[in-house]
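Engineer: pasted the sequence and its predicted model underneath.
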Amino acid sequence: MKKVTQYTFFAVTALIFATAGSNIAAHADIFNNASASQIAAAEKLAGGNNSTTTTSTNTNNTSASQNLNNTSNNNDADYSGISFTVIATHSGFQYQDATLKGDQAGAYDKGDKLTVVGVQKDGNKLRYEVLTPNGKFFISAYYTKLADAKDTAVREGMVAIANNKFFTVIATHDGVVYTDSSLSADKQISAYNNGDTFNVVKVVKENNKLRYAVQTDTGFYYISAYHTKLADNGSAAQYKAMRAAVINVKTPAKTNNSAYYTTVKKGNHVAVAKKALVQHTTKTFKDNSAKAKKNTIKKGKKLSFNSIVKVGTTYRLHLTNGKYVTASKQFVNVIK
């Protein structure tokens, strides 16, 4: 960043504020050191006419069209709503508009923290609208990183809206907003009314139930997907696509990684001894069966059984002869 250029710009800005409406010719030495674009930018700031069209993030209970076309004056804007902080990974400039081609409104250094209050697209490139002491200006979203991982949901939500990857729903019942998709009682943060509208930026599945990540006045949080309907001005295409991406994902079947066979259907079954083992008269194996040679079952012998019983943390095959053998997969292989 050029220190002289920065000094000249802010000196001009301060001077215009200080001499508003008066003759500024006496200060020609400062103005002579400033470029025309710097003077124009400073006058624009001082005149309070720096208004920009941004993707608003303070829009609970507003329509999608209102949300995407909110024009606000920097001097009157309320920044108590949604924002996140980034750290600059390179030095750069702040601009009057999202094209980043107009007058430079200021500069920042590598390592500076910047408060992002809006996200826009210029073509296919992301721009951040940042809050500064002199108003809101635009920077490239690239060469920045989140200052706090806790802001991930906020950034993702604002970017989704800038990319038009959202749909709008209307609540058909009163409900509650939660901080995460579990919707557990200890995660409640606020309530909403029947008829309230939400921009849905993400659809997730929790315990086989759909949840919506929605935009509120203070951040991006979760509501139940049930008892809502697509708003008349909502995007039906996004509604179908975002829900289908979650609904159509099949949960992988749980594999039985137990060391034992634990269940079988009713009826007769057959297992094969993989190793020599002992059949016991009691399911606890607390007997003298091992002392009798007749109770020893050789490797490869087929065993008929009709059920599996649990004993503590282990399982036994209940043979059709009334005796028991281990259900360990190391010792038997159930084949029928």
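Structural biologist: That came through fine.

Engineer: so V309 sits right up against Y315, yeah?
Structural biologist: Yes. V309 lies in contact with Y315 (CB atoms under 8 Å); the separation is 6.9 Å. For glycine as for every other residue, the C-beta is placed from the backbone atoms N, C-alpha and C.

Engineer: which of these two has more neighbours?
Structural biologist: Each of V309 and Y315 has its neighbours counted (other CB atoms under 10 Å); Y315 has more, 19 against 12.

Engineer: can you give me the pLDDT of the more buried one?
Structural biologist: Per-residue confidence (pLDDT) for Y315: 93.

Engineer: for I247, same thing?
Structural biologist: I247 is given a pLDDT of 85.

Engineer: now for it, how many residues are close by?
Structural biologist: Neighbours of I247 using other CB under 10 Å come to 12.

Engineer: give the contact list for it.
Structural biologist: Residues in contact with I247 (CB atoms under 8 Å, 6 or more residues apart in numbering) are K205, L210.

Engineer: which residues of the stretch 1-150 of the chain score low on pLDDT?
Structural biologist: Scanning the stretch 1-150 of the chain for pLDDT under 70 picks out the ranges 1-81.

Engineer: stretch 266-273: which residues count as buried?
Structural biologist: H269, A271, A273 (16 or more other CB atoms under 10 Å).

Engineer: for the residue nearest to G118 when sequence neighbours are not counted, what are its contacts?
Structural biologist: Leaving aside its chain neighbours, G118 sits nearest to E129 (3.5 Å; criterion: CB to CB, 6 or more residues apart in numbering). The neighbourhood of E129, defined by CB under 8 Å, 6+ apart, consists of T52, T54, A98, V116, V117, G118, V119, Q120, K136, F137, F138.

Engineer: who are the packing partners of the helix or strand that the last one is a member of?
Structural biologist: Mapping F138 onto the secondary structure by DSSP states H and E places it in strand 135-140. Where contact means 3 or more CB pairs under 8 Å, 6 or more residues apart in numbering; DSSP states H and E, strand 135-140 is packed against strand 51-54, strand 92-95, strand 104-108, strand 113-122, strand 125-132.

Engineer: let's go with 7 Å and repeat that
Structural biologist: Applying 3 or more CB pairs under 7 Å, 6 or more residues apart in numbering; DSSP states H and E, we find strand 135-140 packed against strand 92-95, strand 125-132.

Engineer: quick one: which of those strands is nearest D186?
Structural biologist: Ranking those by proximity to D186 (CB to CB) places strand 125-132 first, at 32.7 Å.
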